[in-house]
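# From the sequence below, what's the structure:
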Amino acid sequence: MAGNLSNSAVSLSKLQALNGVFAVYKRQGPTSADVLNTLKEALLREAGITNSNPRKRKRQCMKMGHGGTLDSAASGVLVVGVGNGTKMLSAMLAGSKKYTAVGELGKATDTLDATGTMTLEKGFEHITRSDIEEKLKSFVGDIMQVPPLYSALKKDGQRLSVLLKQGHKVEAKPARPVTVYGITLQDFSPPLFTLDVDCGGGFYVRSLVDDLGKALSSCAHVKSLMRTKQGPFTLEDTLHEEQWTLEHVLKVLKSCPETAASSKPCPESDQTTTEPHPNLEPTAAVVEKPITKIG
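Residues are numbered from 1 along each chain as shown. A predicted model of the protein is given here:
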């Protein structure tokens, strides 16, 4: 009994020591919010804590959030802030990101990715590798981009994607300035093509692929999408679900000053092509979880 209490005290101490940012691997399927909730529950459970009535806020709570949404169909780096680290999430949201996207020519969808309903089908046999590389040049640098309708952007406090699914009419958001440091065409096996994209905050990869298809006198959508880097975090830095423990998180946790210095966009990019950032919320999501100790 004493041993159990001692272990519980140690785990609770570790939980209270969580202050900073780290990265987890988001697989295809769950939403970014789902990932955050699963992670949060795992850490609280390990510390011997269970959720209290959410309507009754307590002084003791776990503050956690993520620094930019990834679509449910996307995978890769999801930056998480815990404790004081949540203050760094806005910087992560606006900072540099890298993606690998597989696009498919000849088919357009309402969501601009493979989860949507096909809205258009056009020929693509005329398109060559050099055609794609030439068109990509116009998407690099400081450009204007129209965000996709199905996105985490909000209208009157509601996500556009939610409003559309509820049958509401949603007008396209106006084009806004975004920065693309580089885009590389890694592979072209018609109708599929693979892009590596290095971009700043607010850039949507789905819009990039859609716009590229139109520029090629065809159409296109994103077949798969992976975020390979956000700020200082790469895929190699991410914790997979089996590693979502207090010990693993404490080992990889980065302090706020350390992360702030490396989350700014880097002007000297090693990429040479451009692409849109897929899932970006206007503000970072922060969740305070009221908790109650078990026993």
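# any idea which helix or strand carries the closest residue to residue 246 other than its chain neighbours?
Once flanking residues are discounted, residue 246 sits nearest to residue 14: 4.2 Å by C-beta to C-beta, 6 or more residues apart in numbering. No exception for glycine: its C-beta is placed from N, CA and C like everyone else's. Using DSSP states H and E, residue 14 falls within helix 2-16.
# After that helix, which helix or strand is next? Please name it.
strand 20-26.
# Can I get the longest strand belonging to the chain as CSV, trimmed to CA atoms?
Counting residues, the longest strand found in the chain (DSSP state E) is strand 176-189. Output of strand 176-189 as CSV, limited to C-alpha atoms (Å, rounded to 0.1, in the frame of the first residue of the first chain):
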residue,chain,number,x,y,z
ARG,A,176,-4.3,36.2,-47.8
PRO,A,177,-0.6,36.6,-47.8
VAL,A,178,1.5,33.4,-47.1
THR,A,179,5.1,32.6,-47.5
VAL,A,180,6.6,29.5,-49.3
TYR,A,181,10.3,29.0,-48.8
GLY,A,182,10.6,26.1,-51.3
ILE,A,183,8.8,23.3,-53.1
THR,A,184,10.5,20.2,-54.6
LEU,A,185,8.9,17.8,-57.0
GLN,A,186,10.2,14.5,-55.6
ASP,A,187,8.4,12.1,-57.9
PHE,A,188,6.0,12.1,-60.9
SER,A,189,4.3,8.8,-61.8
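# List the buried residues in the very next helix or strand once past it.
Counting by DSSP H and E, the next helix or strand C-terminal to strand 176-189 is strand 192-199. Within strand 192-199, the residues that count as buried by 16 or more other C-beta atoms under 10 Å are 193, 194, 195, 196, 197, 198, 199.
# what's the model's confidence in strand 192-199, averaged?
What strand 192-199 shows for mean pLDDT is 99.
# now stretch 132-150
So the average pLDDT for stretch 132-150 ends up being 95.
# what lines up beside the longest strand of the chain in the sheet?
strand 141-145 (antiparallel), strand 192-199 (antiparallel) (DSSP bridges).
# what separates the most centrally placed residue in the chain from residue 63, distance-wise?
In the chain, the residue lying closest to the centroid (C-alpha atoms, centre = their mean) is residue 70, at 3.1 Å. According to C-beta to C-beta, to the nearest Å, residue 70 stands 21 Å off from residue 63.
# Same question for residue 82.
Where residue 63 is concerned, residue 82 sits at a distance of 7 Å (C-beta to C-beta).
# Show me which of the two is the more surrounded one.
Higher neighbour count among residue 82 and residue 63: residue 82, with 22 against 17, using other C-beta atoms under 10 Å.
# Name whatever forms a beta bridge with that one.
Assigned bridge partners for residue 82, using DSSP bridges, are residue 20, residue 64.
# residue contacts, it?
Residue 82 makes contact with 18, 19, 20, 21, 22, 62, 63, 64, 249, 253 under the criterion C-beta atoms under 8 Å, 6 or more residues apart in numbering.
# ok, these vs residue 39, which is closest?
residue 64 (7.6 Å; C-beta to C-beta).
# give the contact list for residue 104.
So, once contact is read as C-beta under 8 Å, 6+ apart, residue 104 ends up touching 114, 191, 192, 220, 221, 222, 223.
# what about it, helix or strand, and which?
Using DSSP H and E, residue 104 falls within strand 97-105.
# and that strand with strand 176-189, angle?
Using axes from the mean of the first three to the mean of the last three C-alpha atoms, to 10 degrees, the direction of strand 97-105 lies 60 degrees away from that of strand 176-189.
# which other helices and strands contact the very next helix or strand once past strand 97-105?
On the C-terminal side of strand 97-105, the nearest following helix or strand under DSSP H and E is strand 107-109. Packing partners of strand 107-109 (3 or more C-beta pairs under 8 Å, 6 or more residues apart in numbering; DSSP states H and E): strand 118-121, strand 220-230.
# so what strands line up beside the helix or strand following the longest one?
If I follow you right, that is strand 220-230. Going down the chain from strand 220-230, the next helix or strand is strand 233-234, by DSSP H and E. Strand 233-234 has the following sheet partners, assigned by DSSP bridges: strand 220-230 (antiparallel).
# Strand 20-26 and the partner strand, what's the angle between them?
Calculated by the same axes, to 10 degrees, strand 220-230 forms an angle of 140 degrees with strand 20-26.
# Right, I'll leave it there.
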